[in-house]
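Participant: pasting the sequence and the predicted coordinates here, then a few questions.
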Amino acid sequence: MQLQFLGTGAGQPSKARNVSSLVLKLLEEINEVWMFDCGEGTQNQILETTIKPRKISKIFITHLHGDHIFGLPGFLSSRAFQANEEQTDLEIYGPVGIKSFVMTSLRVSGSRLPYRIDFHEFDENSLGKILETDKFTVYADKLDHTIFCVGYRVMQKDLEGTLDADKLREAGVPFGPLFGKVKNGQDIVLEDGTKIIAADYISAPRPGKTITILGDTRKTDSSVRLAVAADMLVHEATYGKGDEKMARKHGHSTNMQAAEVAKEAGVKRLLLNHVSARFLSKDISQMRRDASSVFDNVHVVKDLEEVEL
């Protein structure tokens, strides 16, 4: 499981940072890639990665500001140029209005897609659990921006325990169908009458990972709720230390406020994202140092960077 950042800038693209988009790679878990936001130029960024557009099965939009959605029509259209046997349907989750934006863009441009898009729109009265599969659950909650904006909490369900094959062989179980039965949790009896209790040879379930990805927001309690005990928190840092008043005026956060959220939520790692173009490389280093005075395990991400969970 990895996060890869396709755009880490705020508001408009710069030479160093494109506008907002990141993907959660779940290739080993479910052979899918989930995208979060799709700012202008996202499809160009994908060309610099190993991401296959047909593997992107779900897109989660945090809000409808242009730097988070203007890349959607282009990406969806280019995704249609795959071979027919590679066409896969797509789901888009986001605030009410995202369907109208996408469908109008496709209609006006005369674009035809050979795959199906299922839209899942929500407003502030229909948040909470928005998706559940056999392996993942996704929650959304309202943040505090200048327009309706959400953050997402992606929770991997507990992983099955692993079979201790060596211990099973030592108990006299021959490799083959009996191994499979024990692995599936079924007790067995050997030819000599020995009873093998499956639970004795399977480790306890392992907790799944939790990833919190926030849209643009002022510091707010819902950010903390979404991030409680998360393995990874992706939080915007449009402004730096001392810019709290400016950040609040424009519906954003500083690096220090992001660090406070991480500390209050008890997350394991904080990734700072959505960085203003006015910050140069030396400023980025200072931004990280300042934030680390509040929360130690912090990193400022850059475009195309991949982070292992």
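Facilitator: That came in fine, so what should we check first? Numbers count the residues shown, from 1 in each chain.

Participant: in the protein, which spans are helices?
Facilitator: For the chain, the helices defined by DSSP state H occupy 27-30, 42-46, 66-69, 72-79, 98-108, 165-170, 177-183, 221-227, 244-249, 255-265, 281-292.

Participant: which one of those helices lies closest to Q12?
Facilitator: Evaluated over these, closeness to Q12 peaks at helix 66-69, with 6.7 Å, by Cβ to Cβ. Glycine gets a C-beta too; all of them are placed from N, C-alpha and C.

Participant: give the buried residues for that closest one.
Facilitator: D67, H68, I69 (16 or more other Cβ atoms under 10 Å).

Participant: and for stretch 287-301?
Facilitator: Residues of stretch 287-301 classed as buried: M287, R288, D290, A291, V294, F295, V298, V300, V301 (neighbour count, 16+ other Cβ under 10 Å).

Participant: go through those and name the one nearest T210.
Facilitator: Nearest to T210 among the buried residues of stretch 287-301, with distances taken as Cβ to Cβ, is F295, at 16.8 Å.

Participant: contacting residues around stretch 183-193?
Facilitator: Contact with stretch 183-193 is made by L163, G172, V173, L178, K181, V182, K195, I196, I197, A198, A199, I202, as judged by Cβ atoms under 8 Å, 6 or more residues apart in numbering.

Participant: would TSV of these with distance to A10, pLDDT and neighbour count be doable?
Facilitator: Below are those laid out as TSV (distance: Cβ to Cβ, whole Å; pLDDT from 0 to 100; neighbours: other Cβ atoms under 10 Å):
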residue	distance to A10	pLDDT	neighbour count
L163	48	87	17
G172	63	89	11
V173	58	89	19
L178	58	87	16
K181	55	89	15
V182	53	88	24
K195	63	93	8
I196	59	90	18
I197	57	91	10
A198	53	88	16
A199	51	88	11
I202	48	89	18
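
Participant: out of these, who's nearest I213?
Facilitator: Distances from I213 to these, taken by Cβ to Cβ, are shortest for I202, at 32.9 Å.

Participant: residue contacts, the nearest residue in space to T133 that is not next to it in sequence?
Facilitator: The shortest distance from T133 to any non-neighbouring residue, by Cβ to Cβ, 6 or more residues apart in numbering, is to I30 (7.6 Å). By Cβ under 8 Å, 6+ apart, the contact set of I30 is T133, K135, F136.

Participant: please repeat the previous calculation with a cut-off of 10 Å.
Facilitator: Residues near I30 by Cβ atoms under 10 Å, 6 or more residues apart in numbering: S57, T133, D134, K135, F136, Q156.

Participant: do K263 as well
Facilitator: For K263, counting by Cβ under 10 Å, 6+ apart, the contacting residues are V224, L270, V294, F295, D296.

Participant: out of those, which sit inside strands?
Facilitator: In strands, judged by DSSP state E, the following of the contacts of K263 are found: L270.

Participant: nearest to L90 among the contacts of K263?
Facilitator: The closest of the contacts of K263 to L90 turns out to be L270 (Cβ to Cβ; 30.3 Å).

Participant: okay, and the beta partners of the closest one?
Facilitator: On the basis of DSSP bridges, L270 is bridged to L233, V298.

Participant: separation between it and K263?
Facilitator: For L270, the distance to K263 (Cβ to Cβ, to the nearest Å) stands at 9 Å.

Participant: touching both of the two, which residues are there?
Facilitator: With Cβ under 10 Å, 6+ apart as the test, L270 and K263 both reach V294, F295, D296.

Participant: got JSON lines for these, with pLDDT too?
Facilitator: Converted to JSON lines, the shared contacts of L270 and K263 look like this (pLDDT from 0 to 100):
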{"residue": "V294", "pLDDT": "98"}
{"residue": "F295", "pLDDT": "98"}
{"residue": "D296", "pLDDT": "97"}
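
Participant: make TSV out of those and add distance to A230.
Facilitator: Below are the shared contacts of L270 and K263 laid out as TSV (distance: Cβ to Cβ, whole Å):
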residue	distance to A230
V294	17
F295	13
D296	16
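
Participant: isn't A140 right up against F60?
Facilitator: Yes. With contacts counted by Cβ atoms under 10 Å, A140 reaches F60, the gap being 8.1 Å.
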